[in-house]
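A.B. asks: here is the input, now give the coordinates:
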Amino acid sequence: SIGIGPTGLHEWAWVRFGLDFGDLLDEARSRPFWDMMSRLSEAAKEEGDFYAAELGRPAPLTVTTVKPAGTTSRLFGLTEGAHLPARRQYLRWVMFQGTKDENGAWMPGTDQLLRDYEARGYPIRNLRSFPGMSIVGFPTLPLIQSLGLGERLTTAPEASPAQHYRWLHLLERHWIGAERGNQVSYTLKVFTDLHGLESFREIVLEHQPRVRCCAVLPSRPDHLLGYEYLPEEEVSEDRFAAILAGISDPALHEMIDLAHLQCASGVCPI
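C.D. replies: Numbering: from 1, shown residues only. So this is what the prediction gives:
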């Protein structure tokens, strides 16, 4: 089997074709994008056949796929695989372990690197549910926020289940293909504050049979989960800017500055 899968699809759609998520769901409006996906899919399958023939092996059956691509995508700040961006701007919380005193009790906040981050102004919290552990919040701005979509940006929680399934259906048709493709790895979070059990059943019964595969995960927005620690915490634009302004770290400000947030409004400064 050979699996070739794209990532950063939403950035590519915007930068190359000027299409946002709503545009992509309109197959007529986004025809150039979907035509290119079909062309690339056919090219991948032709190359798979050629490579298999060179090796004297059977032609691969899968070829096209979309994997989660979490690690690869995050290295470049891209949307992951086929997924929409989960958040606009957020704090990425990283755990640091303290040391034990002479009585064996944990002392949080004793790691030297943690002290360095605290001195630079990074937000830090000591955890109650994890004795001796502290977390540092690193402001993170996904690449798509710096591309000038402004109000046209759609995050995963903002898209309806029907829109998610429509996106999957189009990807399966144009990238996966009817006969030789694999599948789109995709997790649709159905927020239980918006959809009850009956609504959830209706969503699955109506849409799931129309696609090859879709993981459906009942979930709740971050602020309703009630956990003391989450790896990522979405924050408002104002709070994000305030946290960033309070951090003295040239390396961070080279990657993220207030100009990126101004771009997020749709008007980028020169």
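
A.B. asks: now name the helix or strand holding Arg16.
C.D. replies: helix 9-17 (DSSP states H and E).

A.B. asks: ok, then the element right after that helix?
C.D. replies: Counting by DSSP H and E, what follows helix 9-17 is helix 21-25.

A.B. asks: need the residues that contact that next one.
C.D. replies: Helix 21-25 is contacted from outside by 10, 13, 29-30, 33, 84, 152, 154, 159, 163, 166-167, 170, using Cβ atoms under 8 Å, 6 or more residues apart in numbering. From N, CA and C alone the C-beta is placed, and that goes for glycine too.

A.B. asks: list only buried entries from those.
C.D. replies: Neighbour-count burial (16 or more other Cβ atoms under 10 Å) is assigned, among the contacts of helix 21-25, to 10, 13, 30, 33, 84, 154, 159, 163, 166-167, 170.

A.B. asks: for this structure, which segments count as strands?
C.D. replies: 3-4, 63-64, 90-97, 99-100, 106-107, 124-126, 133-140, 187-191, 215-219, 232-234 (DSSP state E).

A.B. asks: coming back round to it: could you list every helix and strand in contact with the helix holding Arg16?
C.D. replies: Counting by 3 or more Cβ pairs under 8 Å, 6 or more residues apart in numbering; DSSP states H and E, the packing neighbours recorded for helix 9-17 are helix 21-25, helix 31-55.

A.B. asks: helix 9-17 and the last one, what's the angle between them?
C.D. replies: It stands for helix 31-55. 110 degrees (axes from the mean of the first three to the mean of the last three Cα atoms, to 10 degrees).

A.B. asks: one step back: nearest to Thr62 among the buried ones among the contacts of helix 21-25?
C.D. replies: Leu170 (19.3 Å; Cβ to Cβ).

A.B. asks: what number of residues lie near Gly226?
C.D. replies: 7 (other Cβ atoms under 10 Å).

A.B. asks: for Pro250, see how far away it is.
C.D. replies: Using Cβ to Cβ, to the nearest Å, Gly226 is found at 37 Å from Pro250.

A.B. asks: coming back round to it: between the buried ones among the contacts of helix 21-25, which sits nearest Gly77?
C.D. replies: His10 (12.0 Å).

A.B. asks: show me what contacts that closest one?
C.D. replies: 21, 79, 84-85, 144.

A.B. asks: so for it, what's the pLDDT?
C.D. replies: We have a pLDDT of 97 for His10.

A.B. asks: kindly state the pLDDT recorded for the residue lying closest to Tyr117 once chain neighbours are set aside?
C.D. replies: Closest residue in space to Tyr117, ignoring its immediate chain neighbours: Val136 at 4.9 Å, by Cβ to Cβ, 6 or more residues apart in numbering. What the model reports for Val136 is a pLDDT of 92.

A.B. asks: burial measure for Val136, as a count.
C.D. replies: Neighbours of Val136 (other Cβ under 10 Å): 21.

A.B. asks: dump the residue contacts of it.
C.D. replies: Contacts of Val136 by Cβ under 8 Å, 6+ apart are 93-94, 96, 114, 117-118, 122-124.

A.B. asks: mind giving me the ChimeraX command for buried ones among these?
C.D. replies: Listed next is the ChimeraX selection for buried residues among these, using 16+ other Cβ under 10 Å:
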select :93,96,114,117,122,123,124
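
A.B. asks: which two among the contacts of Val136 are spaced furthest apart?
C.D. replies: Trp93 and Glu118 (14.2 Å).
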